[in-house]
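K.L.:
Have a look; sequence and predicted model below, questions after that.
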Amino acid sequence: MKVKHTTLAKALMGAVLGAATIFAAPVQAKDWKTVTIALEGGYAPWNLTLPGGKLGGFEPELVANLCERIKLQCNLVAQDWDGMIPGLQAGKFDVLMDAISITPEREKIIAFSRPYAATPATFAVADAKVLPKAAAGAGVVKLSGDPKTDQPTVDALRKQLKGKTIGIQSGTVYTKFINDGFKDVATIRVYKTSPERDLDLANGRIDASFDDVTYYAANIDKKETASITMAGPKIGGPIWGPGEGLAFRKQDADLKAKFDTAISAALADGTVKKLSAKWFKTDVTP
């Protein structure tokens, strides 16, 4: 989920062109000792840039643990989402870690680890008249990704958001959901970053936004966005895929296997749960 000025489709197209050359060459096993991992560094609390330029957050702390388990030296670098998949295919990075939802579209181009997290999404508003909060104690509404079964939930939201302007960060799994479900009843405004969108929402330039629940929980209590509250149902389930995973080049199956083993161990011994409690105040284990 991530910075995205171009759409995922454009990013994937660039990756396809880059991959054509890569896959044409013989694939040789690599003796992995050092890997470069790209994160956005601007999607708190998943990943953020600390004073001094160091990357912090849930994912940097988790991947440090994973790399220690598999005895790899991991160098973290900040990278806008636009360049992540093409950069991975070109060999600029070895791994991507940016709250990236595992989807069939992305799996055509890149390989994913087993998921290390799974979280719902929701709307946010600055004016409660636009969309009311979900009832206290309401659980997650699970959508399958099949328009026929999901339509009742989407239709109820369409009625409430008709004529409104919805802000969404470009290139995320949520972008398609908002465009497919609401573009004919609402104006969709696409943003390069989630913080830019949040400022427009707080200042009344858009009516609603849609993003990960954990992102909102960590970011809407800031002074400049204090007027924003989460609204409507929390939406999860198969529509977002199995969860968030690390991304790899398809030919790097050996590296993926190492991280799969480490993630399994971190899930089993409670490390992921502990870090999710620290950064999200909730359990995001898949």
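P.N.:
Alright, I've got the coordinates. Numbers count the residues shown, from 1 in each chain.
K.L.:
So Ile178 is in contact with Ser170, correct?
P.N.:
No: at 10.8 Å, Ile178 does not count as touching Ser170 under the criterion of C-beta atoms under 8 Å. Where C-beta positions appear, they are placed from N, C-alpha and C, glycine not excepted.
K.L.:
Which stretches in the protein count as helices?
P.N.:
Read by DSSP state H, the chain holds these helices, from start to end of the chain: 8-24, 58-69, 84-89, 104-107, 147-161, 173-182, 194-202, 213-219, 253-268, 271-280.
K.L.:
which other helices and strands contact the second one?
P.N.:
Spelled out, that is helix 58-69. The criterion is 3 or more C-beta pairs under 8 Å, 6 or more residues apart in numbering; DSSP states H and E, and the helices and strands that helix 58-69 contacts are strand 34-39, strand 47-49, strand 73-78, helix 253-268, helix 271-280.
K.L.:
Nearest to Lys148 among these would be which one?
P.N.:
helix 271-280 (32.6 Å; C-beta to C-beta).
K.L.:
helices or strands next to that closest one in the packing?
P.N.:
Of the remaining helices and strands, those touching helix 271-280 by 3+ C-beta pairs under 8 Å, 6+ apart are helix 58-69, helix 213-219, helix 253-268.
K.L.:
got those as CSV, with mean neighbour count and distance to Asn203 columns?
P.N.:
Rendered in CSV, the data for the helices and strands packed on helix 271-280 read as follows (neighbours: other C-beta atoms under 10 Å; distance: least, C-beta to C-beta, whole Å):
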stretch, mean neighbour count, distance to Asn203
helix 58-69, 21, 28
helix 213-219, 21, 15
helix 253-268, 18, 40
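K.L.:
between those, which gets the lowest average pLDDT?
P.N.:
Averaged per stretch, pLDDT over the helices and strands packed on helix 271-280 is lowest on helix 213-219, reaching a mean of 87.
K.L.:
Centre of the chain to that one, how far?
P.N.:
Distance, stretch centre to chain centre, for helix 213-219: 12 Å (C-alpha atoms, centre = their mean, to the nearest Å).
K.L.:
contact partners of it?
P.N.:
With C-beta atoms under 8 Å, 6 or more residues apart in numbering as the contact definition, helix 213-219 has outside contacts at 1, 43-46, 119-122, 124, 194-195, 198, 225, 228, 230, 234, 279-282, 284.
K.L.:
looking at the helices of the chain, which is closest to Met97?
P.N.:
Proximity of the helices of the chain to Met97 was assessed by C-beta to C-beta; the nearest stretch is helix 58-69, lying at 5.0 Å.
K.L.:
Measure how that closest one sits relative to helix 253-268, angle-wise.
P.N.:
Interaxial angle of helix 58-69 relative to helix 253-268 (axes from the mean of the first three to the mean of the last three C-alpha atoms, to 10 degrees): 110 degrees.
K.L.:
And helix 58-69, how far out from the chain middle?
P.N.:
Relative to where its chain is centred, helix 58-69 has its mean C-alpha point 17 Å off (C-alpha atoms, centre = their mean).
K.L.:
who touches that helix?
P.N.:
Applying C-beta under 8 Å, 6+ apart, the set of residues contacting helix 58-69 from outside is 35, 37, 39, 45-47, 73-74, 76, 97-99, 116-117, 246, 259, 261-263, 265-266, 271-272, 275-276, 278-280.
K.L.:
how's the chain carved up into domains?
P.N.:
As given by automatic domain parsing, the domain ranges for the chain are 8-118+242-280, 121-240.
K.L.:
Out of the ones you listed, which gets the lowest mean score?
P.N.:
What stands lowest among these, in mean pLDDT terms, is domain 8-118+242-280, with a mean of 88.
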